[in-house]
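Turn this into a structure:
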Amino acid sequence: MTKQMQKGFTLIELMIVVAIIGILAAIAIPAYQDYTLRAKVTEGVTAAGAAKASVADFYAANGKFPTTNAEAGLDATATSYATAIIKELSVGAGGVITVAFNAIGGGVTAGDTLTFTPKATTAGAIEWDCDAAAGDGSLPDKYAPANCRGAS
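Modelled structure (predicted):
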C-alpha cells in the first residue's frame, strides 16, 4: 500500500489566509482614506503658500500687513482660487490667510478652514502660525498638517 501525497491546500489553510487578508484590509483601508484626505488638504496649504509670499511682499514694502486680497496683490475675489477642493482663499485683517475647503468627505465639510496668521519678528522676518480650529468651520485635526493641529 502506497501513501498518497497531499496536493494543494486544505480548506482550513485557505480560510486562515482569507481571514488574515480580511484583517489587514480592515486596518489598511481606513488609514488609506485618511491619507488621501490629508493629501487633498495639502492643496490648500500649497495655495496658501503663494498668498504668504504676497502678504510678506506687502509687509516688506509697507511695514504693515494687508487686510484684503487686493491689497496683498491677489485676485480681489476669494473664490478666484476655487478648485474642486478649495472653496475660497482670502486675506483678512492683519494679513491672516484663510483657506476654506469644499466638502471632500471623511468629516471635512464645506466651509472647514485652515488659517495662517503672520507675526513679524524683531529681525523683520515673518513667522506663520497655522490653525485648523479657527474660522467658521473647524477642519478635523487628523486631516490638518502636523503644525496646524490644535489651537496655536
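
Burial check on residue 68, number of neighbours?
13 (other Cβ atoms under 10 Å). All C-beta spots, glycine's among them, are computed from the backbone N, C-alpha and C.

Which stretches in this structure count as helices?
Secondary structure of the chain (DSSP state H): helices located at 11-62, 69-72.

Distance check, the residue nearest the centre of the chain against residue 116.
Nearest residue to the geometric centre of the chain (Cα atoms, centre = their mean): residue 41, 2.4 Å. Separation of residue 41 from residue 116 (Cβ to Cβ, to the nearest Å): 13 Å.

Lowest average confidence across helices and strands of the protein, where is it?
Lowest on mean pLDDT, DSSP states H and E among the helices and strands of the chain sits strand 137-138, with a mean of 68.

partners of the strand of greatest length in the chain, with directions?
Selection of the longest strand in the chain by residue count, based on DSSP state E, yields strand 112-120. The pairing partners recorded for strand 112-120 under DSSP bridges are strand 97-101 (antiparallel), strand 126-131 (antiparallel), strand 137-138 (parallel).

can you count the residues close to residue 67?
Neighbours of residue 67 under the rule other Cβ under 10 Å: 15.

My error: substitute residue 84 in the last question.
9.

returning to that earlier point: go through the strands paired with strand 112-120 and name the closest to residue 55.
For residue 55, the closest of the strands paired with strand 112-120 is strand 97-101, at 6.6 Å, according to Cβ to Cβ.

Send me that closest one as CSV with only the CA atoms.
Extracted in CSV, the C-alpha atoms of strand 97-101 (Å, rounded to 0.1, in the frame of the first residue of the first chain):
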residue,chain,number,x,y,z
ILE,A,97,-4.9,84.0,5.2
THR,A,98,-8.0,81.8,5.4
VAL,A,99,-8.4,78.7,3.2
ALA,A,100,-11.9,77.3,3.1
PHE,A,101,-12.5,73.8,1.8
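
how far does that strand sit from the chain's center?
Centroid separation between strand 97-101 and its chain, computed with Cα atoms, centre = their mean, to the nearest Å, is 11 Å.

try stretch 122-131
20 Å.
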